[in-house]
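Enquirer: Quick one, fold the following:
(one chain, ligands or ions: 1)
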Amino acid sequence: MKEAKRLELLSGTVVSASETNDGTEVTYSSKGDKVKVQHIVNCTGPFGDIARTGNELLRNLYKKGWLGADEFGLGVRTGKSGEIITQSGEILHKIYAIGPLRKAAEWESTAMREIVAQANSLAVEIISEHPDMDELLNSLKSLSPENRNTLHIRNIISRIKPEAFNYSGLLPETTDKEYKRVTLLKEPIECTIIYWPPGSRSAIHNHDGYEGLVVVLDGNIQESEYVFADNILREKKSDFYGKGSILREKLNTIHRISNNNSLRPAVSLHIYTPAPKNFGGTEIYDEVKLKKAVLSDKAKIISWNIQEDGFKKIEENAFAFEPLLEFMI
Ligand SMILES: [Fe+2]
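Expert: Numbers count the residues shown, from 1 in each chain. Predicted structure coming up:
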């Protein structure tokens, strides 16, 4: 094509282009070099600055705040799988971008090879959709009796993505220092959201005949495990769980859950099987005052700070306590 003078390679930056009677005249260098052409093909991908885009759909989405522009004008703000990030910083898990729009986050995002890879991983992301609250509750309800165990429940809840799991309308408005429970499903499996104000914790308690799985939806929680034998309560171990992690509340365990952060609340989702009817019969321990109590079925939370009729029995000087000594030399 070069020999036949049908192709000519020129280098330079396009300065301007103006229509003439017989085509378009393009000025392509600062010295004023010009070339006349019939057609122009832009191979640089769409205009990146979303604030000034000519694309009506993108412009409207941007005007409404649904698309966030990146600071260098390369494209839109996107998450790991191309999820759109709005101007206010919220991740929209239902709207994704692939290709040149993702240049701001990935730069190499215009070739077919990259777009195919993005489309592939996006398809996987969409197929393995993360359950929302309704889907979660329906999945739990539809578990057959033989599958109402932590193995099957773990399969369901391990797909929960805290960032994509909307529970904000369910949280109680409280200035109380005690933790708050919001039960969403009671039968055949219990599903409860727990809001942990900064510094709040449950009493040390046993699980009599039921076990549970907990997904940390926000903040961090700590689980401390204990054993009770020969009238001595021994602290066995403590583990921290961050956002998105799952902890297992073992059958017949004695433990405590705490939000040790004095500034940030935590939120966790608890699933119990078989669903305990109430807290009646739950034993709680006060490791400082060495008191032991049995809760009545009137107790709404597992705490020492509850109404009087929440206790069935309280024993003073009931046991000895041995804290975890792993930090001692
Ligand atoms: Fe528990």
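Enquirer: Low-confidence bits of this protein, can you list those?
Expert: The chain contains residues with pLDDT under 70 at 44-47, 93, 129, 326-329.
Enquirer: can you point me to the longest helix in it?
Expert: helix 112-127 (DSSP state H).
Enquirer: Just the CA coordinates for it, please, in CSV.
Expert: This file holds the C-alpha atoms of helix 112-127, laid out as CSV (Å, rounded to 0.1, in the frame of the first residue of the first chain):
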residue,chain,number,x,y,z
MET,A,112,-9.5,-7.0,22.8
ARG,A,113,-7.4,-9.3,24.9
GLU,A,114,-7.9,-7.2,28.0
ILE,A,115,-11.6,-6.6,27.3
VAL,A,116,-12.2,-10.4,26.9
ALA,A,117,-10.4,-11.1,30.2
GLN,A,118,-12.6,-8.4,31.9
ALA,A,119,-15.8,-9.8,30.4
ASN,A,120,-14.8,-13.3,31.6
SER,A,121,-14.1,-12.3,35.2
LEU,A,122,-17.2,-10.1,35.2
ALA,A,123,-19.3,-13.1,34.0
VAL,A,124,-17.9,-15.2,36.9
GLU,A,125,-18.7,-12.3,39.3
ILE,A,126,-22.3,-12.0,38.1
ILE,A,127,-22.9,-15.8,38.1
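Enquirer: by contact count, what packs against that helix?
Expert: If you count contacts as 3 or more CB pairs under 8 Å, 6 or more residues apart in numbering; DSSP states H and E, helix 112-127 packs onto strand 91-96. For every residue, glycine as well, the C-beta is placed using N, CA and C.
Enquirer: got the buried residues for the very next helix or strand once past the strand it packs on?
Expert: Later in the chain than strand 91-96, the nearest helix or strand by DSSP states H and E is helix 103-106. For helix 103-106, the neighbour count (16 or more other CB atoms under 10 Å) marks 103, 104, 105 as buried.
Enquirer: so the second one sits right up against residue 74, yeah?
Expert: Yes: assessed by CB atoms under 8 Å, residue 104 is found in contact with residue 74 at 4.1 Å.
Enquirer: shared neighbours, those two?
Expert: residue 48 (CB atoms under 8 Å, 6 or more residues apart in numbering).
Enquirer: quick one: secondary structure of residue 140?
Expert: helix (DSSP: H, G, I helix; E, B strand; the rest coil).
Enquirer: Surely it and residue 187 touch.
Expert: No: in this structure residue 140 lies outside contact range of residue 187 using CB under 8 Å: 10.1 Å.
Enquirer: Could you measure from the residue lying closest to residue 22 once chain neighbours are set aside over to residue 59?
Expert: Excluding its sequence neighbours, the residue lying closest to residue 22 (CB to CB, 6 or more residues apart in numbering) is residue 36, at 7.5 Å. Counting by CB to CB, to the nearest Å, the separation of residue 36 from residue 59 is 32 Å.
Enquirer: ok so, going back, list the contacts of the residue nearest to residue 22.
Expert: For residue 36, the contact set (CB under 8 Å, 6+ apart) comprises 20, 22, 23, 24, 25, 26.
Enquirer: residue contacts, the third one?
Expert: To tie it back to what came earlier, the one meant is residue 23. 36, 37, 38.
Enquirer: Closest to residue 230 out of those?
Expert: residue 37 (93.0 Å; CB to CB).
Enquirer: what bridges to the closest one?
Expert: residue 24 (DSSP bridges).
Enquirer: ok, now how distant is it from residue 277?
Expert: 80 Å.
Enquirer: next one: residue 252
Expert: 17 Å.
Enquirer: ok, now residue 167?
Expert: 24 Å.
Enquirer: And those two? Which one has more around it.
Expert: residue 167 (17 against 12; other CB atoms under 10 Å).
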